[in-house]
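Undergrad: Sequence isn't available, so here's the structure alone:
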């Protein structure tokens, strides 16, 4: 045979490298492929770690097996995939001139030639630069070693109180794992004034936080960890405001891409610290591909470089790389696979609720320079006449001038239903959807799954009504502030509850000076009862009737009103209970 | 005031007319709007009828109430919406020259002027032209009167045996309602050789039918109802093959658009029988809009007229009409709302399974002239290491030459998860997606909701592998035929089970001459055991390992193999159990 088989080396063998290697071998069984990883554990599902710690997954090996129960270890890659693996082996240097990777492990130092190289070196959790951070009960839970150590503490009952530093995905998932299964008293500390900063706005963060608080997790927001109390182990976490006792500390304050090898090799690195790749996942050296947690990804909404360290993206990128590795050197490289970028879709399950999103939050959109606005809504996720329906909350972020959809966030009880909506919209965000695309999005309808006008359509409708100035809402935060200072501003404002009397009764009794009730259906005929000289804040359970009430008021010349978006349902679920309700 | 308020008349007040009227009144509170409906029941959720009959919905009025428990009757429309309603009133003629609608009811005949008219006359169930079809125990269940009559029979225990004619949505939903809650022995008769003809292909129809059969529903496919046995009531349904005893007959053999008024008025009607409208929902008379079950809709995949009588579309169309009614007559009519067409997304819950789809089936695509192919797959819907995961089945229909996505169908246990996938793809089908868009679709990932490569991505991957001829599958139907004639073709074919021995054992014992087992991981070293001169049909649980096995065989020069798509999971779930398994 004339053609020499292609030599491909992949540095990193968790998600990206393994996927690229396997895809290549499927397309080109003759390819000579080697995976190098500094860990002994390879090709595992890191996203499953919280479920291993919670006990949903009983054995660590389950995170390393295929869906047909084969352990994805060196032997598996060799025997089943025909791929060589150097595990426990660190790649120390890339020589692009000689096309060679140098490595070392406990037995030897050596080097390996490549025709094509894949960098999937992943990321490293950010450390806290505080004395004590190196002690054995401080964990980062970014790999199976750490996961195993934390679970051991659980099983032995060594952790009565845990402090988790950082309220992103991993921190929140771990808080559920510790609390729900093991009954550990868990506190979370976050420097930002909300949980999930950058992923959702404050209201949706509050929805999620309130639910977690109801499940026993304590939150300290806007606090910075300054030091540890140490008595051989860490015994307490000291913030700028308090000391929280801890038998176990988990630090989950983000990760940084591992790019030292790429830097040393002179590959281009972007301002966010990730390796720069084009849509074919090629680095600045066309013989070197990169993907996974070590690269930058183009945010398809802002068009700017972003960082999305997600196992799902790593897998899709790995497949693209595998395809392009197979095509490399072929005539014209026709049919190269590509990934333009990402909108950053995510979902996280938190006890009995789920939080999901895609694209930009309102804050991020404004920071990125968009003239952005958002609308929020509450609606049942399926037909109201069926017994099993749940309230879902959605927020849509749009650009005012172009009506382009910039982002969506959702929260609700039925996780599959929430993430289904987010995915439907995310796909369109990537295709430059405008609000009317959401308003008229064709979602399959049947009463057990949706309403005739699905909540997604209603969300689009709401955004249109807002942009067209037919609907003038007020946000939860602003109304909460007004409500809290109601005694001082009583002359200027009126809180109009347009639900039926039965629903409003307890409020009327508790707040006789601040709460008035006119059911929405009676507003036309009871218009005289509405004060004409005040700003009217209209409330109902979800915002729908309050919107109708606003239209009625306006048609009678009362122009100064605002509707609480998401209604009392949002107020209540975000933990702003103004009155005890059963 | 100079400007006279706009006079708008809507004929039909179920979904379309009510929605259009309410939207208009929100935008233009002064508009003079009248709804005319021949029934006394208006603005009800007809899609909820099966759930009323099943008992999930206890009172008929629940289908007429808003989500905040107000009954949507004449008084509601008048008091709350400021809309006049002529219920129990039939529109008898439209005079376009004088812009007037003539009507009659039990008290009077009259007429009403309009500036703008909306036709939402809905549809009528197709009747069986058979003696006895008019008897009181033969129902069509297309309105609340019929729904009430059937439920009365259930409550009184008057139906021990029911026959449902027609295996579309409504028939299937009603079969569940009768069987699950009321224990009625229910048989279904369908002239086509499968259930849900036109909505899914035969394999997916079999998945759903098998599940319903397991729940006690009996199916007679490919049989035509020829007559009824009558003894005062209908007592039996006579097909070309048998007589099925019946205390209750429900006919659900489709519906036809109600277009006689539109025809009489000289409006354009299309070949499928629906009123022709443009994307603004305007009929051939620009002063007359139409929507809902009485119109044709453009199929966005084929570009041809189609008929989608769905409550969800009617609502979206109604809102578009409402917006455009408000804009009509304004300067330039800037900002007119529009609906280009539909891809026909649907979902139906059948006992503990759900069936959903969008776009074209393979058969329909071929009939429409596309050079279409499809791939099917089985995969877990969430991380395999978590306890609560379920098998999901998906089929993707694509155009071979352009790789355009023409349709998707899905079946599974977790209905929200199935319909979420269908919706995500449906939105892209409407935007002319190609297969690589599905392969790289960004779906939110977290182990409780998905796998790192979601089943949708895997479906796209499979389609790409098929189109690139890396993956050579065989369909369930074809393999079933081959298997059934295995004794005659033993010399030419081999059934290779590439699961682990434990899984294959019972097959090996029962079919020693026809079943061979080499676990996928051992194929490379046991290649000599694979017969070289036969066509190899490779099986595993889902098709994934069989695909890997096919690649291994091909790399060793064995080119003649085919993989059972969807694997033994699909074979089994479609009711083709070849061996009893626990």
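TA: Yes, it's here. Values in this document were obtained by computation on a predicted structure and should not be read as measured data.
Undergrad: Residue numbers of the stretch 451-582 of chain A in contact with chain B?
TA: Taking C-beta under 8 Å from any C-beta of the partner chain as the contact definition, the stretch 451-582 of chain A meets chain B at A:452-454, A:457, A:461, A:470, A:499-500, A:520-522, A:524-525, A:540-542, A:544-545, A:548, A:551-552, A:554-555. In short, each C-beta sits where N, CA and C put it, glycine included.
Undergrad: among those, which are in helices?
TA: A:457, A:461, A:544, A:545, A:548, A:551, A:552, A:554, A:555 (DSSP state H).
Undergrad: now the strands for the stretch 201-350 of chain A?
TA: Using DSSP state E, counting those that start in this stretch, the strands found in the stretch 201-350 of chain A span residues A:218-221, A:225-231, A:233-239, A:243-245, A:248-251, A:255-257, A:288-290, A:297-298, A:305-306, A:346-350.
Undergrad: Highest mean neighbour count out of those?
TA: strand A:288-290 (a mean of 29; mean count of other C-beta atoms under 10 Å in any protein chain shown).
Undergrad: Contacts for it, please.
TA: By C-beta atoms under 8 Å, 6 or more residues apart in numbering or on different chains, the residues outside strand A:288-290 that reach it are A:20, A:94, A:96, A:116-120, A:262, A:265, A:267, A:275, A:277, A:280-283, A:321, A:324-325.
Undergrad: Kindly report the same for stretch A:220-231.
TA: A:128, A:130-133, A:135, A:138, A:165, A:167, A:187-195, A:234-244, A:249.
Undergrad: near chain B at all, stretch A:191-199?
TA: No - Stretch A:191-199 lies out of reach of chain B by C-beta under 8 Å from any C-beta, never closer than 11.1 Å.
Undergrad: List the buried residues of that stretch.
TA: A:191, A:192, A:194, A:195, A:196, A:197, A:199 (16 or more other C-beta atoms under 10 Å in any protein chain shown).
Undergrad: Just put the residues you listed in CSV and tack on pLDDT and secondary structure.
TA: Output for the buried residues of stretch A:191-199, formatted as CSV (pLDDT from 0 to 100; DSSP: H, G, I helix; E, B strand; the rest coil):
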residue, pLDDT, secondary structure
A:191, 98, coil
A:192, 98, coil
A:194, 98, coil
A:195, 98, coil
A:196, 98, coil
A:197, 96, strand
A:199, 97, coil
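Undergrad: of these, closest to chain B?
TA: Nearest to chain B among those, counting by C-beta to the nearest C-beta, is residue A:199 at 11.1 Å.
Undergrad: check contacts around that closest one.
TA: Going by C-beta under 8 Å, 6+ apart, the list of residues near residue A:199 reads A:168, A:169, A:346, A:355, A:357, A:361, A:409.
Undergrad: wait, what's in contact with the first one?
TA: Under the criterion of C-beta under 8 Å, 6+ apart, the contact list for residue A:168 reads A:196, A:197, A:199, A:252, A:253, A:254.
Undergrad: what's the most distant pair in those?
TA: A:199 and A:253 (14.5 Å; C-beta to C-beta).
Undergrad: Around chain B, which positions in the stretch 251-400 of chain A sit nearby?
TA: So the stretch 251-400 of chain A meets chain B at A:310-316, A:319-320, A:337-339, A:342-343, A:345-349, A:354, A:356-358, A:379-380, A:383-387 (C-beta under 8 Å from any C-beta).
Undergrad: Tell me the predicted confidence for the spatially most central residue of chain A.
TA: Taking C-alpha atoms, centre = their mean, the centroid of chain A lies closest to residue A:346, which sits 4.0 Å from it. We note a pLDDT of 97 for residue A:346 in this prediction.
Undergrad: And residue A:2, by the same measure?
TA: Note for residue A:2: predicted pLDDT of 49.
Undergrad: residues in contact with residue A:545?
TA: For residue A:545, the contact set (C-beta under 8 Å, 6+ apart) comprises A:498, A:499, A:520, B:68.
Undergrad: Now do the contacts for residue A:396.
TA: By C-beta under 8 Å, 6+ apart, the neighbours of residue A:396 are A:374, A:375, A:405, A:407, A:408, A:425, A:435, A:438, A:459, A:460, A:462, A:463.
Undergrad: Which of those fall within helices?
TA: Counting by DSSP H, the contacts of residue A:396 place A:425, A:435, A:438, A:459, A:460, A:462, A:463 in helices.
Undergrad: so where's chain A uncertain?
TA: Scanning chain A for pLDDT under 70 picks out the ranges A:1-3, A:331-333, A:579-582.
Undergrad: Which single residue of it ends up nearest chain B?
TA: The nearest approach of chain A to chain B comes at residue A:420, 2.3 Å away (C-beta to the nearest C-beta).
Undergrad: ok, that residue touching residue B:418?
TA: No - counting by C-beta atoms under 8 Å, residue B:418 is not a contact partner of residue A:420; they are 9.1 Å apart.
Undergrad: Residue A:461 against residue B:319, yeah?
TA: Yes - counting by C-beta under 8 Å, residue A:461 touches residue B:319, with 6.8 Å between them.
Undergrad: Need the overlap of contacts for the two.
TA: A:439, A:453.
Undergrad: higher neighbour count, the two?
TA: Counted by other C-beta atoms under 10 Å in any protein chain shown, residue A:461 and residue B:319 do not tie: residue B:319 has more neighbours, with 28 against 24.
Undergrad: now that one, nearest residue through space, not along the chain?
TA: residue B:23 (5.0 Å; C-beta to C-beta, 6 or more residues apart in numbering or on different chains).
Undergrad: check contacts around residue A:186.
TA: A:161, A:162, A:163, A:164, A:175, A:178, A:179, A:216, A:217, A:218.
Undergrad: same thing but 6 Å
TA: Residues near residue A:186 by C-beta atoms under 6 Å, 6 or more residues apart in numbering or on different chains: A:162, A:175, A:178, A:179, A:217.
Undergrad: Would you mind getting the angle between the helix or strand hosting it and strand A:225-231?
TA: Assigned by DSSP states H and E, residue A:186 belongs to strand A:185-190. Orientation check (axes from the mean of the first three to the mean of the last three C-alpha atoms, to 10 degrees): strand A:185-190 against strand A:225-231 gives 150 degrees.
Undergrad: Strand A:185-190: partners in the sheet, and parallel or antiparallel?
TA: Here strand A:185-190 is paired, per DSSP bridges, with strand A:161-165 (parallel), strand A:218-221 (parallel).
Undergrad: gap between it and the chain center?
TA: Distance of strand A:185-190 from its chain centroid, counting by C-alpha atoms, centre = their mean, to the nearest Å, is 19 Å.
Undergrad: try stretch A:41-51
TA: Worked out by C-alpha atoms, centre = their mean, stretch A:41-51 lies 18 Å from the chain centre.
Undergrad: That stretch near chain B at all?
TA: Yes - using C-beta under 6 Å from any C-beta of the partner chain, we find that stretch A:41-51 touches chain B at A:47, A:48, A:51.
Undergrad: Narrow those residues to those in helices?
TA: Among the residues of stretch A:41-51 next to chain B, DSSP H puts residue A:51 in helices.
Undergrad: measure residue A:169 to residue A:255 for me?
TA: 11 Å (C-beta to C-beta, to the nearest Å).
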